[in-house]
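Q: For reference, the sequence and a predicted model appear below.
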Amino acid sequence: MIPKFPLILTLLAGGLLAGLWATAHTFRAAGVMFLIPLWLLLLGLWWALHRRGVRLKRLGLFVLGVAAIVMAFRSLLRYEGSADGSALPSFSWRWQKPHSLPPLRPTPDTAAAPSPPPPGASDMPRFLGVKGDGILPEPTWQTDWKAHPPREVWRIPVGDGWSGFAVAGGRALTQEQRGAEEYVTCYDLATGKLLWSHADETRFDEAMGGIGPRATPTIDAAQNTVFTMGAKGLLNCLDLTTGKLRWSKDVLKDGGASKSPQWGKSSSPLVVGENIVCSGGENGASLIAYRCGDGQMAWKAGDDGGSYSSPVLMTLAGREQLLSVNNNSVTGHDPASGTLLWKFDWPGMFPKVCQPVQVTADRFLVTTSYGLKSHVLEVKAGPDGKMAVTSIVAASAPRTKFSSASVFGTHAYAMDEGTFCCADLTTGERVWREGRYGFGQQVRLGEHLMLIQAEKGFVALVRDNPQHLEEVSRIEALHTKTWNPPTLAGRMLLVRNDHEAICFELSDK
């Protein structure tokens, strides 16, 4: 007969874990990391203390056993950060070499010229597309990847980091960490050969999120420049052809931030007219704008700090605005001056990563997780010309942690705590939730498709369908944890993670 205490303890712990996983609770991984060791410790203590006469002996054995397990764990295993976006820990044997690449050689004064761009290639100059809204053109390539499999053009090792690629004129640029140096690297789109690199003596290393830069470069081809944001807030303006530094700024210092973002700066800079606009630190200014030509500060705006989202231009209520998801708010600003147009309070102690996604001419969607509500916000201009913002729908779905939603009409599709979902934007209700793409990234393609970079490394095409998940195609690509956004430059698909990068050519229609 099973003793009562172990039975009750096991039922309680098992029930709590089952509930956390059945509801895909935000803190289910924390529940596993806390409840299982607690269950084992309590069972061990019960075994040591429940029988009289041998308590002292058993307690000594229990303490020695716990100490031996801890010592063996520490001597044999090495913590490798989060296994996935749920924050479950990843471990490796201590004798296994961690991923590490040697520093790159300094780029000569004249960098190598790229090969002619491959047929069907086009520019993709920044994070989430030309407008930064996650909406890419209708596919001009075959979407049936089983009948017309994409061709792997090149596959190369890259350093640590969660940056994506920006593409212009046969050049593919990203950011990566190699040892003590944070690099901006420029590769030949046709061959994967390194054309130039720029290094800064800085390293960001966070226990759960990992090593290296997070933001995707922003290319201004008209001015032959590229702007990059390092994980510690270093904004670089580089020559696109050679990689030579034109100027650099400490965004966190200039914004008056006393705290840097815990998980590293992940927001990409935005070119607005003659200025480059960046989000701030955990506190201080929300937005900081510099003149593209010489790096002189043009303006600062907001006092709520930044977030892990990138500033984006959007036309709402007939007026072009600069939208910023901040530490505890969402704000709209005049693009030229940074003047505050409206503010929506959105408090919460956990990170906000989403990009605002337009729903109608006056409405847009912001999403998050960690128990906070996602909102459909409406911006209207009053009779006096002043603008006001209102939450039209507040709901728990979708719960996006690292990614942003894609909107088709009245429905939003997004990674909901690791599982793909469809939510009705008129009610805030989740319509369906299926498809284990993990904590990956996605972009919208034209009127009916989405391209998904799954956390496990594969890439999928999914159709807009409010009835059920409709996966159109899938290809195997990367094979370790992937939090980087995909880049689609015409028929060239570039994907990467913190170990390697791949360029695929998609078959022409």
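A: Cool, got the structure.
Q: Residue nearest the middle of the protein, spatially speaking?
A: Nearest to the geometric centre of the chain sits F402, at 4.3 Å (C-alpha atoms, centre = their mean).
Q: Distance of that one relative to D345?
A: According to C-beta to C-beta, to the nearest Å, F402 stands 23 Å off from D345. Quick note: C-beta positions are derived from backbone N, CA and C, even for glycine.
Q: same check, this time on P157
A: Going from P157 to D345 by C-beta to C-beta gives 45 Å.
Q: cool, L195 as well?
A: Remark: distance between L195 and D345 (C-beta to C-beta) = 46 Å.
Q: neighbour count winner among those two?
A: L195 (23 against 12; other C-beta atoms under 10 Å).
Q: What are the neighbouring residues in contact with the more buried one?
A: With contact taken as C-beta atoms under 8 Å, 6 or more residues apart in numbering, L195 is in contact with 111-114, 171, 186-188, 243.
Q: Could you list the low-pLDDT ranges of the stretch 51-200 of the chain?
A: Nowhere does the stretch 51-200 of the chain drop to pLDDT under 70.
Q: tell me the helices in it, going along the chain?
A: For the stretch 51-200 of the chain, the helices defined by DSSP state H, counting those that start in this stretch occupy 55-76.
Q: The nearest residue to Q142 once chain neighbours are set aside: neighbouring residues, count only.
A: Spatially, and ignoring its direct neighbours in sequence, Q142 is nearest to H148 (3.7 Å; C-beta to C-beta, 6 or more residues apart in numbering). Neighbours of H148 under the rule other C-beta under 10 Å: 15.
Q: what about N283, how many neighbours?
A: A count of neighbours around N283, defined by other C-beta under 10 Å, yields 20.
Q: thought it was touching N327?
A: Yes: using C-beta atoms under 8 Å, N283 is in contact with N327, at 6.9 Å.
Q: Return every residue with contacts to both of these two.
A: Overlap of the contact sets of N283 and N327 (by C-beta under 8 Å, 6+ apart) consists of 304-305.
Q: and the contacts of L195 as TSV, adding neighbour count?
A: TSV is the format used below for those (neighbours: other C-beta atoms under 10 Å):
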residue	neighbour count
A111	19
A112	14
A113	12
P114	20
R171	25
C186	28
Y187	26
D188	19
G243	23
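Q: mind listing which of those residues are in strands?
A: Among these, the residues falling in strands (DSSP state E) are 171, 186-188.
Q: ok, those residues vs T360, which is closest?
A: R171 (36.9 Å; C-beta to C-beta).
Q: Contact partners for that closest one?
A: If you count contacts by C-beta under 8 Å, 6+ apart, R171 has them with 114, 186-189, 195, 240.
Q: so, if you compare those residues, which one comes nearest to L449?
A: L449 lies nearest to L189 out of the contacts of R171, by C-beta to C-beta, at 23.1 Å.
Q: so how far is S286 from K352?
A: Applying C-beta to C-beta, the value for K352 to S286 is 12 Å.
Q: So those two - more neighbours on which side?
A: Using other C-beta under 10 Å as the criterion, K352 and S286 rank with S286 on top: 29 against 24.
Q: okay, now the residue lying closest to that one once chain neighbours are set aside: neighbour count?
A: Spatially, and ignoring its direct neighbours in sequence, S286 is nearest to G302 (2.8 Å; C-beta to C-beta, 6+ apart). Counted with other C-beta under 10 Å, the neighbours of G302 add up to 23.
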